[in-house]
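[1] With the input below, show me the fold.
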Amino acid sequence: MPRSQPDIEGVQPVLRSLAVLEALNAAGTATLTRLHAETGLPKPTLVRLLDTMIAGGYVRRVSRTAGYTLTERVLRLSSGFRHGDLVVEAARPFLSALTAEHKWPVALATLDRDAMLVRMSTRQESPFSTDPDWLNRRLSMLLSALGRAYLAFCPDEERRLLLAMLRSSKAAINAQARDEKYVSSMLAGIRKRGYATTAPMRGDASMGLAVAIMEGEKAAACITMRYIGSTMNEAEAVKRYLAPMRQAAAAIAAAHERMTVNAA
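    The predicted structure is shown next:
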């Protein structure tokens with residue numbers, strides 16, 4: 001039986017809200033102007049929808065210039081929600097503070113089977129970002145600073161299993177895993193220094209400086225600061241940014257622990 005016109009009109013606000021959520025998910029952070037361009041919705045309508053979703057806890061206003069972003073609450077709309085994902089929400093204010101103070105973009109990633117999944121980024125908040133939008137993209141464990149940091153600081157058994165998966169992979173980005181001596185030496189060096197850097201990539205002007213967010217012996221996630229390599233060498237980047245990044249990682253771990261207890 002065909003739906004009546006009132007029924008169709010009644011679902012329009014829901015469809016518009018979903019369109020806004022999809023646009024925010026794709027953009028990471030978006031201004032009202034960008035959302036208007038992406039969805040085609042009038043700005044007054046967007047403001048009403050955003051205010052409603054902010055009240056519901058699904059959207060957060062970053063700032064007047066940066067616009068809006070999703071909160072971790074949207075994960076409750078899917079069956080894949082895990083308490084461990086709270087680390088992303090716990091990290092938001094600390095990563096934004098890092099970018100506000102040091103200007104470079106910062107990103108957080110969690111393990112996604114045999115790669116690191118970028119879960120949040122301050123790319124839109126940085127005046128110096130040159131990277132493409134890596135939000136919700138998977139990054140190599142052995143080439144990205146995020147993956148290297150995770151491998152270095154995760155528990156021994158988890159590392160053994162991850163490296164076994166990478167060695168059996170046919171993907172070119174995982175080929176280094178078969179050089180066990182090289183990988184072992186690289187990870188030992190990262191553990192000794194306390195941080196990881198990005199593998200040199202042709203055509204990539206940016207470098208990553210990454211540290212792990214530790215919860216006891218477990219690496220819950222990793223964060224990386226992306227800076228333009230021509231502006232400073234690794235030693236200078238470490239001197240400037242490693243201490244504040246470690247402080248942020250420790251603060252995120254503490255905040256995540258509190259949020260996990262409260263959610264239990």
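[2] Could I get the full set of strands for the stretch 151-264 of the chain?
    With strands called from DSSP state E, counting those that start in this stretch, the stretch 151-264 of the chain shows them at 196-197, 206-215, 218-228.
[3] closest to V62 out of these?
    Judged by CB to CB, the one of these that comes nearest to V62 is strand 218-228, at 17.7 Å. In this view, the C-beta of every residue, glycine as well, is placed from N, C-alpha and C.
[4] Quick one: mean pLDDT for that closest one?
    Strand 218-228 shows a mean pLDDT of 96 in the predicted model.
[5] and the angle for that strand with strand 206-215?
    Interaxial angle, strand 218-228 versus strand 206-215 (axes from the mean of the first three to the mean of the last three CA atoms, to 10 degrees): 160 degrees.
[6] okay, strand 218-228 in PDB with CA atoms only?
    Output in PDB follows, covering the C-alpha atoms of strand 218-228 (Å, rounded to 0.1, in the frame of the first residue of the first chain):
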ATOM      1  CA  LYS A 218      48.500  -2.500  26.800                       C
ATOM      2  CA  ALA A 219      48.700   0.100  24.000                       C
ATOM      3  CA  ALA A 220      45.100   1.400  23.800                       C
ATOM      4  CA  ALA A 221      45.900   3.700  20.900                       C
ATOM      5  CA  CYS A 222      48.600   5.900  19.400                       C
ATOM      6  CA  ILE A 223      48.900   9.600  18.600                       C
ATOM      7  CA  THR A 224      51.000  11.300  16.100                       C
ATOM      8  CA  MET A 225      52.000  14.900  15.400                       C
ATOM      9  CA  ARG A 226      52.600  15.700  11.700                       C
ATOM     10  CA  TYR A 227      55.100  18.400  10.900                       C
ATOM     11  CA  ILE A 228      56.700  19.500   7.600                       C
END
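[7] Buried residues of it, list them for me.
    A219, A220, A221, C222, I223, T224, M225, R226, Y227 (16 or more other CB atoms under 10 Å).
[8] so where do the helices sit in the stretch 151-264 of the chain?
    156-168, 180-193, 234-263 (DSSP state H, counting those that start in this stretch).
[9] What helices and strands are in contact with the last one?
    Secondary-structure packing of helix 234-263 (3 or more CB pairs under 8 Å, 6 or more residues apart in numbering; DSSP states H and E): helix 86-102, strand 206-215, strand 218-228.
[10] same thing but at 10 Å, please
    Helix 234-263 makes packing contacts with helix 86-102, strand 106-112, helix 180-193, strand 196-197, strand 206-215, strand 218-228 when contacts are defined by 3 or more CB pairs under 10 Å, 6 or more residues apart in numbering; DSSP states H and E.
[11] Now the ones you listed in JSON lines, please, with extra columns for distance to R34.
    Output for these, formatted as JSON lines (distance: least, CB to CB, whole Å):
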{"stretch": "helix 86-102", "distance to R34": "19"}
{"stretch": "strand 106-112", "distance to R34": "20"}
{"stretch": "helix 180-193", "distance to R34": "37"}
{"stretch": "strand 196-197", "distance to R34": "32"}
{"stretch": "strand 206-215", "distance to R34": "23"}
{"stretch": "strand 218-228", "distance to R34": "22"}
